[in-house]
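Q: Got a predicted structure plus its sequence, pasted below:
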Number of protein chains: 4
Amino acid sequence: MNTIGTRFRVTIFGASHDTCIGCVIDGIPAGIELDLDYIQKEVDCRKPVALIGTPRKEEDKVEVLAGLKDEVTTGIPLVIQIKNSNTDSSKYEKFKIIPRPGHADFPAFEKYGPAHDIRGGGQFSGRMTAPLTAAGAIAKEMLLGIDVKIAAYTQSIGSIDDPAEHTFKEIKRETKENPVHAADPEIALDMLNEILTAKDDGDSVGGIVRCLTEGLPVGVGEPFFDTLDGEIAKMMFAIPGVKGIEFGAGFKATKMRGSIHNDPYSVVDDYLIKTDTNNAGGVLGGLSNGMPLDFKVAFKPTASIFKEQKSVNLGKMEKETLLIEGRHDPCIVPRAVAPVEAATAIVLTDLCLRGDFIA
Amino acid sequence: MNTIGTRFRVTIFGASHDTCIGCVIDGIPAGIELDLDYIQKEVDCRKPVALIGTPRKEEDKVEVLAGLKDEVTTGIPLVIQIKNSNTDSSKYEKFKIIPRPGHADFPAFEKYGPAHDIRGGGQFSGRMTAPLTAAGAIAKEMLLGIDVKIAAYTQSIGSIDDPAEHTFKEIKRETKENPVHAADPEIALDMLNEILTAKDDGDSVGGIVRCLTEGLPVGVGEPFFDTLDGEIAKMMFAIPGVKGIEFGAGFKATKMRGSIHNDPYSVVDDYLIKTDTNNAGGVLGGLSNGMPLDFKVAFKPTASIFKEQKSVNLGKMEKETLLIEGRHDPCIVPRAVAPVEAATAIVLTDLCLRGDFIA
Amino acid sequence: MNTIGTRFRVTIFGASHDTCIGCVIDGIPAGIELDLDYIQKEVDCRKPVALIGTPRKEEDKVEVLAGLKDEVTTGIPLVIQIKNSNTDSSKYEKFKIIPRPGHADFPAFEKYGPAHDIRGGGQFSGRMTAPLTAAGAIAKEMLLGIDVKIAAYTQSIGSIDDPAEHTFKEIKRETKENPVHAADPEIALDMLNEILTAKDDGDSVGGIVRCLTEGLPVGVGEPFFDTLDGEIAKMMFAIPGVKGIEFGAGFKATKMRGSIHNDPYSVVDDYLIKTDTNNAGGVLGGLSNGMPLDFKVAFKPTASIFKEQKSVNLGKMEKETLLIEGRHDPCIVPRAVAPVEAATAIVLTDLCLRGDFIA
Amino acid sequence: MNTIGTRFRVTIFGASHDTCIGCVIDGIPAGIELDLDYIQKEVDCRKPVALIGTPRKEEDKVEVLAGLKDEVTTGIPLVIQIKNSNTDSSKYEKFKIIPRPGHADFPAFEKYGPAHDIRGGGQFSGRMTAPLTAAGAIAKEMLLGIDVKIAAYTQSIGSIDDPAEHTFKEIKRETKENPVHAADPEIALDMLNEILTAKDDGDSVGGIVRCLTEGLPVGVGEPFFDTLDGEIAKMMFAIPGVKGIEFGAGFKATKMRGSIHNDPYSVVDDYLIKTDTNNAGGVLGGLSNGMPLDFKVAFKPTASIFKEQKSVNLGKMEKETLLIEGRHDPCIVPRAVAPVEAATAIVLTDLCLRGDFIA
């Protein structure tokens, strides 16, 4: 349903044009000091950027309704609310009858019936990543307590790739303060152009977000089923637009020989076990192996485009041409970087609690 | 932990060289007639094949310990046991000290300590897919009751790809009765050679399994978090060796424009809504959309190779060279086809029960 | 943690003097029309009554933050908020050092540490039953759809017992519109006096709430562990002050012979199976048997009394005398009647959904 | 369903006349040395005793199928099997049509249909407490590691009560080595007679089991919903025949004034906080308070009696007289003492793991 996690449990609520969106976070120990400015800043990272973002303007102010006293957690569920203000729902009702290609309109209508809240995409809107990012910010604060850090960046937009295998240090926030959240500021310009070109065509583009961790201890993950990679993967598919995920060498590993793919072990500084390469992406047998967790998430091009599309009229059961109006991002990849980090943080916090890595 | 599913719940037990492996399946309604021969046949599909499989010979006989009366389910948990017989545990204990690159030895030892059962890879062995396949066979029987079918095949082994976008009908079991379970018998020969060449080198290869469904109704999946794609993805990462998953166009979608990627809707036979293409891979917003679910799973090359590898001695904290003995598959992809189908069936049965698609 | 239920899932949040209290309800199908006035009326049933209630005055206005459009559920989680307004937290902090006998102060401080929110009893306050009652009102609406009704009443207060085995019809809301929510208006007066006498002494009294259902179908409950009686029991102990529960003849059954206790079956109206007696309280083997579910819940006397009590000073680790100030009910039993009904409704809705009794 | 617990998770399987009964225990850390003799001894405690027990003779040999190596846990699920051997299923099929009063026959048939395994009571048989007791024995071993002990005894059989408030020390195993597992050997004789008298009448009797703990730390329990008392209560109702539970003064508390019921705090030995009385039964606000957990469980008289009973014929929908044959205990209370201890141990282990009381 709408809850994920076992010991750090996030329940998401609200929809794009509902009164509010938000989440309940259960499992935060009493006595954790929360930095509300930091949480707000994280949520702001997924705001649309001028030129390439949706014109919908939301303040996205994070309010804590319960569970906090003097900015310190009290051990009961923390409730976060983000109000929706800038909603224009006029243009959505017809998509229940004439579903937008690439959107959840058709299966959602079939599943939930006419009462489905389709306004602004409802619960299928990318807007749901705002409370997810807020929850992730809290998770990040908890992970910092055991020196675990997470950073993601835009690795590709459409045909523009950043081929470098950036290290964690290279992709820290400062280096990716460009509108597309790329690790390389020069490639960022090309990516920006790729988006603008698509936008000018009334079209959209996809891309890849790469995510890395630093400091993740060995043994995080709860096989057989609750593997580190499996839990991360499940979570990523909750982010709208995700179509694939791969760890380390990923799909390229299928073309490698074992002798090349196997990461050889080394002793570092007389007490650390590291691998010389990281084809495994930091995970073996569903457990972290002490190397950076390293995975890539594939985002499809935004489904909302401003070109005529072929659809059907579910009332008349005949074909119909659709032209979407409204406010949309031509590319959601840059805005997905913060949610990917946040979603990762939520999963890692849960697994670190489960494995007693967080006291 | 070792349980997956909400309404069709599978708990896996045992380890590679334990007395037995098996599973408990909870949530099967009373009164379902099970075809034990069919279950056995499904489990046999993952048996090693001469030349390219491990020499370890296991009968893999599926025994039902409880929950069945006169081959009909009684509504209580079904317990399946597969005995381990052909075990040779002599060669594994040392991997706790000198971990095998690419295996879970190192993180498992760190996590579970000296009591970890490393014999034959313990719970991290591909052998665990035998009870998974048995559970999946039962799930398949339940899905057949609502006309949902699943088929997977080997799409690539190392450098040998099958570029065709085979339809469900083309990949039914009969057409892939070749040792590598490929959909195209001619490409199967090349794949076989690819494996044999790697084997001759004491090396291993990976590959890709593609999985398709037929008859999946619209609306299967339980967003926000328990999406169809997310649940499938989590499950796949429980299969040893999986490093990536993508749905429909997957990573290729990141290079597409929205106008190309969006699948246009059509009315078929006056009452069915289908899309002209299936770039979405049958899933939109975490819900099935009535098209075949279509995803690819990336398997890394088998970690066990017969070449000298660089490792470390955890006791002495110094580097050490490792030469693995034992019995291993040079490529696990062909043997993973049945488990991929089974794992898919388990997830779909659970989600179909949750969405009341199965009465 | 703070969530109960599998298919009708209630997460409770907030604390007595937090900004608000509330709950998230997941699992309500899309398209259910909610009667917000009814929900408000149910919540108002647990308001303190003049003379025998706390002087703390709360409006307890039920607000729906998300999940509802035009008073119809949209299929996503429903979020209910009840603001706290009339809080006076000045008198509570010292109870962390000098715990009140009979309250959770001591174990809560030991468990959660100094960050525990003890104001007004925090999460251990009877005030938490307000959102529970709101959630229960929605559950009641869902149960009404399958003609299942619930009614509870005050069976005893202190030494005043209502010995009659009232039927469901006798205890419907109208007949218990007395300040103690008793089924018999004359006994109600004695009960009221019992409370007032205790109050005059600066003391408190306990009592018993009896709960009955009408129309519960046969077979509700999910053994082995998720039995009808077990789930009800667990839920009741979440209501502050509960110390015992018994079904049907309950503890009296321990003194009966089987030949007396066994309820004989009869055919009623040629198609219904009923039992002549209901010593089982409507539950056999953890399943409803078609008779009214019938159970009694024991409430202890309110822990907050206005007499000097013997306690300890946890800072100095020495004995200390405590005199409690603040605003408290001399008897919480009458105010617990609505929460008992609500809690029952939540459990029954969940089990009815799990058993496919609600479509 | 058939699983209980969050971190110490027990899944029960099998039925009275199935091939076997057993359980899977997930969440036992790797490296725990198990004393199989102790587990066997615990299971043997619930064996029928000559004269007052069923003539059905089962060896009840506990076999570990997986998860153990050299009597040490390996961190994967532990699978316990107890074979059924002495089954006589001939007399049960007719109870699907003519349900036994007081048994689950009728609701089970309605719920599961004709495929329900009614032989020997199926999953509703008291026999299911054998694997529960085995799982509890392991839980007890884990609790012993943090010096938590559990002891229960028969407090009443029919009209014979043991009025003493025995302390934990008085009820240790040695003192209750009488056939009815009473704490007082003299009262035990009266209880035995009570059972024999009922047996001679072809009738049955019920009774009360009281359970105490020693050494339970402060703060065990996970409110709001997963309270210590609530979890214990839910678990107890899984034991066949339970009709009520009360903690401390329990139902008697409803007649007490707060000034009497509140347990005053004292400092003991300069560092321990204890209460002078234990009316709370060791639990406040759903949390253990450092006093012995103290609760009573009400068992109804065995439903199977050898007198003619009034039932119905579900096929003909008319009344029918029933005379039960077969093998039954005239009183299950003595045999329930070990399961009550075991069930308590399972809950406490789970909650102690959840609260990080067990490392």
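A: Yes, it's here.
Q: quick one, helices of the stretch 151-300 of chain A?
A: All helices of the stretch 151-300 of chain A, identified by DSSP state H, counting those that start in this stretch, fall at A:185-200, A:228-236, A:258-261.
Q: which residues does A:Ile12 contact?
A: Going by C-beta atoms under 8 Å, 6 or more residues apart in numbering or on different chains, A:Ile12 touches A:2-3, A:21-23, A:128, A:131-132, B:224-225, C:77. Any C-beta I mention is one placed from the backbone N, CA and C, and that applies to glycine too.
Q: Show me what from the stretch 101-250 of chain A comes close to chain D.
A: A:Phe224 (C-beta under 8 Å from any C-beta of the partner chain).
Q: Could you report the distance from the residue of the stretch 101-250 of chain A found nearest chain D to chain B?
A: Nearest residue of the stretch 101-250 of chain A to chain D: A:Phe224, at 7.8 Å (C-beta to the nearest C-beta). From A:Phe224 across to chain B, the span is 5 Å (C-beta to the nearest C-beta, to the nearest Å).
Q: What pLDDT is listed against that residue?
A: We have a pLDDT of 97 for A:Phe224.
Q: List the contacts of A:Leu68.
A: A:Leu68 touches A:34, A:74, A:78, counting by C-beta under 8 Å, 6+ apart.
Q: Adding pLDDT, neighbour count and distance to chain B, write those out as TSV.
A: Converted to TSV, the contacts of A:Leu68 look like this (pLDDT from 0 to 100; neighbours: other C-beta atoms under 10 Å in any protein chain shown; distance: C-beta to the nearest C-beta, whole Å):
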residue	pLDDT	neighbour count	distance to chain B
A:Leu34	96	19	23
A:Thr74	96	26	26
A:Leu78	98	25	18
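Q: which ones among these come in contact with chain C?
A: A:Thr74.
Q: Who are the contact partners of the residue of the stretch 101-250 of chain A closest to chain D?
A: Contacts for A:Phe224 were tallied using C-beta under 8 Å, 6+ apart; they are A:286, B:1-2, B:12, B:123, B:128, B:238, D:76.
Q: Using pLDDT, spot the least trustworthy of those.
A: Within the contacts of A:Phe224, B:Met1 has the lowest pLDDT, namely 86.
Q: Check whether that residue really touches A:Asp226, as I assumed.
A: Yes. Using C-beta atoms under 8 Å, B:Met1 is in contact with A:Asp226, at 6.3 Å.
Q: Please identify which of the two sits among more neighbours.
A: Higher neighbour count among B:Met1 and A:Asp226: A:Asp226, with 23 against 19, using other C-beta atoms under 10 Å in any protein chain shown.
Q: Identify the bridge partners of the more buried one.
A: Residues in a beta bridge with A:Asp226, per DSSP bridges, are A:Glu222.
Q: Now do the same contact list for it.
A: Contact analysis of A:Asp226 by C-beta under 8 Å, 6+ apart lists A:6, A:286, A:351, A:354, B:1.
Q: And for the second one, nearest residue in space, chain neighbours not counted?
A: If you skip the residues right next to it in sequence, A:Gly286 has A:Thr227 as its closest partner in space, 2.7 Å away by C-beta to C-beta, 6 or more residues apart in numbering or on different chains.
Q: What is the burial count for the one you found?
A: Using other C-beta under 10 Å, A:Thr227 has 26 other residues around it.
Q: try A:Glu308
A: Number of residues near A:Glu308 (other C-beta under 10 Å) recorded here: 12.
Q: For it, give me its contacts.
A: A:Glu308 makes contact with A:321-323, according to C-beta under 8 Å, 6+ apart.
Q: angle of the helix or strand hosting A:Ala338 against helix A:185-200?
A: Assigned by DSSP states H and E, A:Ala338 belongs to helix A:333-354. Here helix A:333-354 runs at an angle of 120 degrees relative to helix A:185-200 (axes from the mean of the first three to the mean of the last three C-alpha atoms, to 10 degrees).
Q: tell me the average confidence for helix A:333-354?
A: For helix A:333-354, mean pLDDT rounds to 98.
Q: Kindly report the same for stretch A:194-209.
A: The average pLDDT for stretch A:194-209 rounds to 97.
Q: next one: that stretch to chain centre, how far?
A: Here the centre of stretch A:194-209 is set off from its chain's centre by 19 Å, with C-alpha atoms, centre = their mean, to the nearest Å.
Q: Can you measure across it, start residue to end residue?
A: Distance between the boundary residues of stretch A:194-209 (C-alpha to C-alpha, to the nearest Å) amounts to 16 Å.
Q: got the contacts of A:Ile12 as TSV, with secondary structure and distance to B:Ile171 columns?
A: Output for these, formatted as TSV (DSSP: H, G, I helix; E, B strand; the rest coil; distance: C-beta to C-beta, whole Å):
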residue	secondary structure	distance to B:Ile171
A:Asn2	coil	36
A:Thr3	strand	36
A:Ile21	strand	42
A:Gly22	strand	45
A:Cys23	strand	42
A:Met128	helix	36
A:Pro131	helix	41
A:Leu132	helix	37
B:Phe224	coil	33
B:Phe225	coil	31
C:Pro77	coil	40
